[in-house]
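Whatever this is, show me its structure:
(one chain, ligands or ions: 2)
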Amino acid sequence: MQKADTILFSRWIVTVNAQREVLENHALVIDQQKIKAILPADEVRQQFEAGEEFNLGDSVLMPGLVNTHGHAAMTMFRGMADDLPLMTWLNDHMWPAEGKWVSEQFVADGTRIAIGEMIRCGTTTFSDNYFFPEQAALEAKKAGIRAQLNFPIMDFPTAWAQNPDEYIKKGLALREQFANDDQVHVVFGPHAPYTVSDEPLKKIAQLAKEHNILIQMHVHETQVEVDESIEKYGKRPIRRLYDLGLLGPHMQCVHMTALNDEDIQLIAETGSHVMHCPESNLKLASGFCPVHKLQEQGINVSLGTDGTASNNDLDMFGEMRTAAQLAKAVAMNAEALPAGEALAMATINGAKALGLDNQIGSLEVGKLADIIAVDLSDLESQPIFSPVSHLVYATTRNQVTDVWVGGKQLMTNRELTTLSKAELISTAQAWQSKIIAARS
Ligand SMILES: CSC[C@H]1O[C@@H](n2cnc3c(O)ncnc32)[C@H](O)[C@@H]1O
Ligand SMILES: [Zn+2]
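Ligands and ions are numbered 1, 2, ... in the order given. Next up is the predicted model:
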């Protein structure tokens, strides 16, 4: 008998491996943070004994979800300003609120609350763009979730830094601090083409190439952004970023609406990644990302929720379903973004964009044990012809029962193990009271 830490038995394993295998009546063996074996259940019983075993019944085991774009601490602003277009939402609501409230404590509390919600939705890795990323790093470490933290860079001052050089200096110092960390990765997060001028962008491009650092940026979020860029720089944002040397396999472009053929060609040719946030784009009426066309050109498209202040949740199951449905409407083609591809966008494509696809994003022997269990035993999941179809078109986040990151259990039977749900709720309510009191 071989020894292992944990064995998971469940009806289905949706691997999201290259062959997109869905296994039935198999078991998954975890040892020392990694997946040690995936075999028929009988063989696992004969070959392995483990410290703990879980019999998950009619559940699916699948890779933890990778939420590739968000602003976790903005969860404090959920529902504060709805039904507005992007620039009104930012200029008249979010930026004034951030000017008043953003601090180390605000970011620590808001990020922790968001992490609680993300774990409960089955997210095991998230990518975050916000001020005081050092607070987000500490909260991610404590909660046990994986994170790519994209330190902000803007032309204008905020509570975190005064000018682009200071943003870059502070961000690179944080990157240095987490240089050897396998859970938290710190990378460049220039805000958007309309808030960062050419000089800092050139510096970022050069440093990114020199030190092999990833970059995440809001790009082509609206037609207004494209029009203003043409007026100010004489070129579209994608072309400008290309000319400044930012595009490449290290570049993560978030949103990507209002694209023409040349934009798509530049993204494809440089191997840049696209992070699609369908619900935020719909709610802010920002525009449509042509996911089917991008995939036809071989572009890697991942999925993100964006922040809770624009989405208004961090539910990657909802995001997969919206993405799959919206892609069909945008392409006027019911075959666009089938369920299996939507699932890949939320897992292995996200891992690829973050440069982590050799470690996470699919359930394969040797990869880290970032795994979630989704219960398909109840009435709303019957009958089950295809678990993959159900995961995308007929599953809600409340069906996620268990979550493991690197073999460590962060949720068991819907109970968070590293965070206190009661503390998260009372902290959110305390901030709500403070914000309301300051209004009157
Ligand atoms: C430097 S990143 C934090 C910065 O981004 C703002 N923000 C949040 N959501 C969006 C979005 O969809 N597009 C552009 N900017 C966004 C947030 O309010 C922070 O100021
Ligand atoms: Zn965003």
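
okay, CA-based contacts and neighbour counts for the rest of this
Noted.

number of nearby residues for whatever residue of the stretch 301-440 of the chain ends up closest to ligand 1?
Going by CA to the nearest ligand atom, ligand 1 is nearest to Gly307 of the stretch 301-440 of the chain, at 5.9 Å. Residues lying near Gly307 (other CA atoms under 10 Å) number 24.

Can you list the helices and strands that the longest helix belonging to the chain packs against?
When the chain is scanned for its longest helix (criterion: DSSP state H), the result is helix 421-439. Under the contact criterion of 3 or more CA pairs under 8 Å, 6 or more residues apart in numbering; DSSP states H and E, the helices and strands touching helix 421-439 comprise helix 104-120.

What parts of the stretch 301-440 of the chain come near ligand 1?
With CA under 6 Å from any ligand atom as the criterion, the stretch 301-440 of the chain meets ligand 1 at residues Gly307.

could you pull out the strands for the stretch 301-440 of the chain?
For the stretch 301-440 of the chain, the strands defined by DSSP state E, counting those that start in this stretch occupy 301-303, 371-375, 400-405, 408-412, 415-416.

what's the most buried one of the ones you listed?
Of all the strands of the stretch 301-440 of the chain, strand 301-303 has the most neighbours on average by mean count of other CA atoms under 10 Å, namely a mean of 28.

That one pairs with which strands?
Strands that pair with strand 301-303, judged by DSSP bridges, come out as strand 273-276 (parallel).

Reformat the strands of the stretch 301-440 of the chain as JSON lines; add mean pLDDT.
Formatted as JSON lines, the strands of the stretch 301-440 of the chain follow (pLDDT from 0 to 100):
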{"stretch": "strand 301-303", "mean pLDDT": "98"}
{"stretch": "strand 371-375", "mean pLDDT": "98"}
{"stretch": "strand 400-405", "mean pLDDT": "98"}
{"stretch": "strand 408-412", "mean pLDDT": "98"}
{"stretch": "strand 415-416", "mean pLDDT": "98"}
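
Now distance to Met332 too, for the ones you listed, in CSV please.
Converted to CSV, the strands of the stretch 301-440 of the chain look like this (distance: least, CA to CA, whole Å):
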stretch, distance to Met332
strand 301-303, 19
strand 371-375, 31
strand 400-405, 32
strand 408-412, 40
strand 415-416, 41
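
Contact partners for the residue nearest the centre of the chain?
A centroid search over the chain (CA atoms, centre = their mean) returns Asn67, at 1.6 Å, as the residue closest to the centre. Asn67 sits next to Thr123, Thr125, Phe126, Ser127, Leu303, Gly304, Thr305, Met316, Ala346, Gly350 when contact means CA atoms under 8 Å, 6 or more residues apart in numbering.

Quick check: buried residues in the longest helix of the chain?
Leu424, Thr427, Ala428, Trp431, Ile435 (16 or more other CA atoms under 10 Å).

cool, stretch 325-344 as well?
Taking 16+ other CA under 10 Å as the neighbour-count basis, stretch 325-344 is seen to contain the buried residues 325-328, 330, 336-344.

And for stretch 175-184?
Those would be Arg175, Phe178, Gln183, Val184, for stretch 175-184 by 16+ other CA under 10 Å.

can you check stretch 291-303 too?
Taking 16+ other CA under 10 Å as the neighbour-count basis, stretch 291-303 is seen to contain the buried residues Val291, His292, Lys293, Leu294, Gln295, Ile299, Asn300, Val301, Ser302, Leu303.

so how far is it from its chain's centroid?
Between the mean C-alpha point of stretch 291-303 and the mean C-alpha point of its chain there is a distance of 17 Å (CA atoms, centre = their mean, to the nearest Å).

do the same with stretch 39-53
Centre-to-centre, stretch 39-53 and its host chain are 33 Å apart (CA atoms, centre = their mean).

Mind listing residues that contact it?
With CA under 8 Å, 6+ apart as the criterion, stretch 39-53 contacts 1-9, 25-29.

what does stretch 177-184 give?
Taking CA under 8 Å, 6+ apart as the criterion, the residues outside stretch 177-184 that touch it are Ala137, Ala140, Lys141, Gly144, Ile145, Arg146, Ala147, Gln148, Leu149, His185, Val186.

Make CSV out of those residues and add neighbour count and distance to Arg439.
Converted to CSV, these look like this (neighbours: other CA atoms under 10 Å; distance: CA to CA, whole Å):
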residue, neighbour count, distance to Arg439
Ala137, 24, 31
Ala140, 23, 31
Lys141, 15, 34
Gly144, 24, 36
Ile145, 26, 35
Arg146, 22, 36
Ala147, 24, 34
Gln148, 25, 34
Leu149, 29, 31
His185, 22, 37
Val186, 28, 35
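
Now the two most distant members of the residues you listed.
Spanning the widest gap among the contacts of stretch 177-184 are Gly144 and Val186, at 16.1 Å by CA to CA.

Which of the buried residues of stretch 291-303 sits closest to ligand 1?
Leu303 (13.7 Å).

ok so, going back, how far off centre is the longest helix of the chain?
The gap between the average C-alpha position of helix 421-439 and the chain average comes to 25 Å, counting by CA atoms, centre = their mean.

Report the mean confidence score over it.
When the per-residue pLDDT values of helix 421-439 are averaged, the result is 96.
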